[in-house]
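A.B. asks: need a structure here:
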Amino acid sequence: MAYETKTKETDTSVIEFIEQVENPKKREDAYKLLDIFTETSGFQAKMWGPSIIGFGKYHYKYASGHEGDAPLVGFSPRKAKISLYFAPGDTKREELLKVFGKHTTGKACVYVNKVADIDVDVLKELITQSIAFLKATYPNYKY
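C.D. replies: Numbering: from 1, shown residues only. From the prediction side, this is the model:
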């Protein structure tokens, strides 16, 4: 049976989603990130699945044959930490993260407690770099 990704673009309102964030500081940070990601990426925010705010879209296909669509970049104001989504596999990401500020990383995510902990200029570079990396990796997709 083919694997089907749960993270798909939806018509859910991004603003309504952010308004449901319980913690007022995290809600405020979500609005700051919404502005930064929108301005830097040049894409309108869209909900991906129930909790990811994504910008732009690309189609990936792995050597295993698994393929699908994903946002170019995005974030999610989760209860514990804010998850930031950048292109996996981009070596420049690691260099930028060294000067990013207080964060932890997972396989594809970068986790921060609050926007005040990070360098917003480096965040903008991470967004720009991630989009450039994905466009170079998947050059045939119509962005």
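A.B. asks: Geometric centre of this protein: which residue is closest?
C.D. replies: Of all residues in the chain, the one closest to the mean position by CA atoms, centre = their mean is Gly74, 1.9 Å from it.
A.B. asks: show me the residues around the residue nearest to Pro77 when sequence neighbours are not counted that make contact.
C.D. replies: Spatial nearest neighbour of Pro77, chain neighbours left out: Ala30 (4.2 Å); criterion: CB to CB, 6 or more residues apart in numbering. For the C-beta atoms, the positions are set from N, CA and C on the backbone; glycine is no exception. Each residue near Ala30 by CB atoms under 8 Å, 6 or more residues apart in numbering is listed here: Ile18, Val21, Ile53, Phe75, Pro77, Ile82.
A.B. asks: Return the set of buried residues in the helix or strand of the chain with the lowest mean pLDDT.
C.D. replies: The weakest-scoring helix or strand in the chain, judged by mean pLDDT, DSSP states H and E, is strand 58-61 (a mean of 86). Residues Tyr58 are the ones in strand 58-61 that count as buried (16 or more other CB atoms under 10 Å).
A.B. asks: re the thing from before, quick check, the residue nearest to the centre of the chain in a strand?
C.D. replies: Yes. Under DSSP: H, G, I helix; E, B strand; the rest coil, Gly74 sits within a strand.
A.B. asks: which residues of the chain fall in strands?
C.D. replies: 45-48, 52-55, 58-61, 67-70, 73-77, 82-85, 104-105, 109-112 (DSSP state E).
A.B. asks: Make a markdown table out of those and add distance to Lys135.
C.D. replies: Shown next, in a markdown table, are the strands of the chain (distance: least, CB to CB, whole Å):
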| stretch | distance to Lys135 |
| --- | --- |
| strand 45-48 | 18 |
| strand 52-55 | 13 |
| strand 58-61 | 8 |
| strand 67-70 | 13 |
| strand 73-77 | 12 |
| strand 82-85 | 16 |
| strand 104-105 | 23 |
| strand 109-112 | 20 |
